[in-house]
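S.K.: Can you look at this prediction? I've put the sequence above it.
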Amino acid sequence: MASLLVPVLLIIFLIILLVTGFAVYGLWHFIKSRSTAQKFRKRTSPRHVASPSDAAVSTEHTEISHNLSTFTPKESTVATSQSGLAPHAEEETEAAEATSLYHKIQGSPLLRCVLIGVITLILLIPLDFVYDIVTERESLHREATNNIASSWGKKQTISGPILVVPYVTWADVKRTVVVKVKGQDESKDVVEREYTQRYKVFLPNTVHFDATLDPEIRYRGIYRQALYNAPVAVNGSFILPTADKFAENLHAVQWEKAWFAIGITDLKTISDAPPVQWAGVTMGAYTPGTNAENILVSGFHADIPLNPALAGKPQDFSLTLQIRGSGGIYFTPVGEKSLITVVGSWPSPNFQGNLLPEERTITSTGFSAKWNISNLTRTYPQVGELGSTAFAHSGSSSDDYRKAALSEFSAGVDLQEVVSLYRMSLRAVKYGILFIAVSFVALFAFEMVTRKRMHLLQYAMVGLSMSLFYLVLLSLGEHTSFLKAFIAASTVTVLMNSLYIAAALRSLLKGLFMGILLCGLYSLLFALLRMEDFALLVGTGLVISMMAVLMFVTRRLARE
């Protein structure tokens, strides 16, 4: 995809440079011809000196015109001779004084540049309104999708499994007691043996997660959310611990009270969970809760009576879960060797977690990914004490007390949309002021090439219409694909502005060039939105090109 976008960007830059180059060439030709004409007039036109004959002709003409319009020729003649100006000349003078400020603005490139810059900054206000609308719609979308996810099932994380074995330790405690000796109280030292119940946690030697995602789309109003059903097969092996794995002062290992636990984020989404197979034997039904909340916050467990004669030997296990979820699925690599395989019919997976997959395949009909993770990549041990800090969460916020270290390291996949409308719209609005400024630079160049001047209100209308592009893009994008919405919004904006510029400058050619420039700008915007890695580079190049055109246009202002 990136290899195709680079030539597209080059073509767009060539179009923009072609239009800009034409405008700059026309401007240069106009300035050169104007400078030549001024020099010629200064050399050939003498100063006008009123001769007596001219004055006589003027007086005679004035008297004749006043004789025809009034019955008091003497007063008219006296007024004419006193003022030295004809009545229509006085009216023209008053009109010129009334419009002198407007003509100064129209005739001064510096004032027009300043005022156009002010209009550009004012247009940040409607762009900010559009940005707020996009943010609000994104919030509504998030709320709707969260409601769908809470009803169906949220993003799932499968943690574990773990094996918990109870054991008893002893300790001699010396105490001082008071006894009766011949009817008198006497202190006596007594050594008593105390027994303490403890629990040892063992993680699997090998574990393999195999998930097949069957995604579907659910709607709430105009908003959509990706959901999935997934059979998840979990299998592997535990090495049964020997006595030296527990404690030096071990009294007894309660093998018959051991249990097997596995954690799942959202328990209500489990539609089917057959009993675990342990060493080829089907165990009893699961019991809610993990009985190991500091390691697995939510989940279930099953009793696993262990055979002490098999201590030090591997014991295989396998189970299958049918779960629902939304957004994505993750797994915790708890084994010394963890293998994770995820397959799904979703064309745009987003692999997330602490590690990316070693192998992945993405096609238009689905994906497959595989992780092979060693226990050396995580922070928690293979064997630890239940309730100890070995499996404690390293976070410091108040919301981390319900988490465990197992959840800090995971790998999985998100079912993301091919194009996120709201993320793209927000990024597009950020380029809004830049594209408006580029359009204004082109209009200013057209003004300098021709002797026609656009009204400042017309600049504002062009900027407002370009601001509405993002609103049209958002409103159409919520009902159709982003590509179709972008094409429709840019077509409306280009046609509207090109026709308006053609009418304002009274030139179909100028309107055509403006349309070509806007087509190039919106094509560049689409490429920037699709190719994030080069967005800053291309945007910076566009700003530099705009500044170069401005500097070239204004280079002769001091001489004029």
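M.R.: Received the coordinates, thanks. Numbers count the residues shown, from 1 in each chain.
S.K.: and residue 249, how many neighbours does it have?
M.R.: 12 (other Cβ atoms under 10 Å). (Glycine included, C-beta is placed from N, CA and C.)
S.K.: same check, this time on the one 10 residues further on
M.R.: Residues lying near residue 259 (other Cβ under 10 Å) number 20.
S.K.: So for it, what's the pLDDT?
M.R.: For residue 259, the pLDDT comes out at 93.
S.K.: So in terms of bridging, what pairs with it?
M.R.: Per DSSP bridges, the residues bridged to residue 259 are residue 164, residue 303.
S.K.: Ignoring the adjacent residues along the chain, who's closest to residue 120?
M.R.: Distances taken as Cβ to Cβ, 6 or more residues apart in numbering put residue 437 closest to residue 120, at 5.5 Å, once the chain neighbours are dropped.
S.K.: got it, and residue 335?
M.R.: Nearest to residue 335 is residue 207, by Cβ to Cβ, 6+ apart, at 3.7 Å.
S.K.: Return the per-residue confidence for that neighbour.
M.R.: Value for residue 207, per-residue pLDDT: 95.
S.K.: And residue 332, by the same measure?
M.R.: So residue 332 comes in at 91 (pLDDT).
S.K.: got the contact list for it?
M.R.: 157, 158, 159, 160, 406, 407, 409, 410 (Cβ atoms under 8 Å, 6 or more residues apart in numbering).
S.K.: residues near the residue nearest to residue 335, how many?
M.R.: 25.
S.K.: what about it, helix or strand, and which?
M.R.: Under the criterion of DSSP states H and E, residue 207 resides in strand 206-220.
S.K.: thinking again about what came up before, and the residue nearest to residue 120, which helix or strand is it part of?
M.R.: Judged by DSSP H and E, residue 437 forms part of helix 432-449.
S.K.: swap in residue 195?
M.R.: Judged by DSSP H and E, residue 195 forms part of strand 184-202.
S.K.: next one: residue 115
M.R.: With DSSP H and E as the test, residue 115 turns up in helix 109-122.
S.K.: counting contacts, what elements does the next helix or strand after that helix pack onto?
M.R.: Downstream of helix 109-122, the first helix or strand assigned by DSSP H and E is helix 124-152. In terms of contacts (3 or more Cβ pairs under 8 Å, 6 or more residues apart in numbering; DSSP states H and E), helix 124-152 is packed against strand 206-220, strand 223-239, strand 314-326, helix 421-430, helix 432-449, helix 456-477.
S.K.: Ranked by average pLDDT, which of those falls at the bottom?
M.R.: Among the helices and strands packed on helix 124-152, helix 432-449 scores lowest, at a mean of 80.
S.K.: Counting neighbours, which bits of that one end up buried?
M.R.: For helix 432-449, burial by neighbour count (16 or more other Cβ atoms under 10 Å) applies to 432-433, 435-449.
S.K.: Then stretch 195-215?
M.R.: 198-213, 215.
S.K.: send the alpha carbons of that stretch over as CSV?
M.R.: The C-alpha trace of stretch 195-215 is given here as CSV (Å, rounded to 0.1, in the frame of the first residue of the first chain):
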residue,chain,number,x,y,z
TYR,A,195,0.6,-25.8,62.0
THR,A,196,-0.2,-23.3,59.2
GLN,A,197,-2.3,-23.9,56.1
ARG,A,198,-0.7,-22.6,52.9
TYR,A,199,-1.2,-22.8,49.2
LYS,A,200,1.4,-23.2,46.5
VAL,A,201,0.7,-22.0,43.0
PHE,A,202,2.2,-23.8,40.0
LEU,A,203,2.1,-22.5,36.4
PRO,A,204,2.0,-25.0,33.4
ASN,A,205,5.1,-26.3,31.8
THR,A,206,3.6,-25.9,28.4
VAL,A,207,0.3,-24.3,27.3
HIS,A,208,-1.3,-23.9,23.9
PHE,A,209,-4.3,-21.6,23.2
ASP,A,210,-6.1,-22.2,19.9
ALA,A,211,-8.9,-19.7,19.1
THR,A,212,-11.1,-19.5,16.0
LEU,A,213,-13.0,-16.2,15.8
ASP,A,214,-16.4,-16.0,14.0
PRO,A,215,-17.0,-12.2,13.8
